[in-house]
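Visitor: My questions concern the predicted model and sequence given below.
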Amino acid sequence: MPDRRSNIDLVHQIRALSIRVNLLGAEFAHQIGMHPTDVRALIALLDAQRHSQVATPGWLGAELHLNSATVTALVDRLEQAGLVARERDPADRRRVVLTVTDKASELGWQFFGPVIDRTLDVLNSYPEDELDVIRSFIGRMNAAVG
């Protein structure tokens, strides 16, 4: 088992990657005239959609660690920009569900599509057993940071 100091270079590489990804998000936010928190909200909502998670304003606030007044202002901005829609939950008409619009998805793909393609090229260069290790590592790192 390597000692902790021998892996510090990997910690620094992870940090550097995290910073680069955050800078990409900030650049995207700036390009479309939004705050980086708005972009994080869109990402959370897209992830919810992918996992069939019902996304309410309360859920979004919990995900982003924001209070209800801040979430209301954030959702108002996203809705006004045509990036998010508020809809009544068919199962409970008292509840509002948030959905990402096609416009938001298109903007995201225009900006992040090339990065996603390059990322897929890198991932596709690994054999499946190594991808399993990468998946495990990323999952464990998310839990460790989390």
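Guide: On my side now, so go ahead.
Visitor: which residues touch the longest strand along the chain?
Guide: Longest strand in the chain, counting residues (DSSP state E): strand 92-100. Here strand 92-100 makes contact (Cβ atoms under 8 Å, 6 or more residues apart in numbering) with 42, 45-46, 49, 54-57, 60, 75, 83-89. C-betas here are computed from N, CA, C, even on glycine.
Visitor: Give me the residues contacting stretch 112-120.
Guide: With Cβ under 8 Å, 6+ apart, stretch 112-120 has contacts from 24, 28.
Visitor: Nearest residue to residue 35 in space, ignoring adjacent ones along the chain?
Guide: Nearest residue to residue 35 in three dimensions, chain neighbours excluded: residue 29, at 6.1 Å (Cβ to Cβ, 6 or more residues apart in numbering).
Visitor: just to revisit the earlier point, can you say which of the contacts of strand 92-100 are buried?
Guide: Neighbour counting by 16 or more other Cβ atoms under 10 Å classes 42, 45-46, 55-57, 60, 75, 83-84 among those as buried.
Visitor: In strands, which of those fall?
Guide: Under the assignment DSSP E, those contribute residue 84 to strands.
Visitor: excluding its backbone neighbours, what's nearest the spatially most central residue of the chain?
Guide: Centroid check for the chain by Cα atoms, centre = their mean gives residue 43 as the closest residue, at 3.4 Å. Leaving out its chain neighbours, the residue that sits closest to residue 43 by Cβ to Cβ, 6+ apart is residue 25, at 7.9 Å.
Visitor: picking that back up, which SSE is immediately downstream of the longest strand of the chain?
Guide: helix 102-124 (DSSP states H and E).
Visitor: what angle separates that next one from strand 92-100?
Guide: Using axes from the mean of the first three to the mean of the last three Cα atoms, to 10 degrees, the inter-axis angle of helix 102-124 relative to strand 92-100 is 60 degrees.
Visitor: Can you name the next helix or strand after helix 102-124?
Guide: Next along the chain after helix 102-124, taking DSSP H and E as the criterion, comes helix 128-145.
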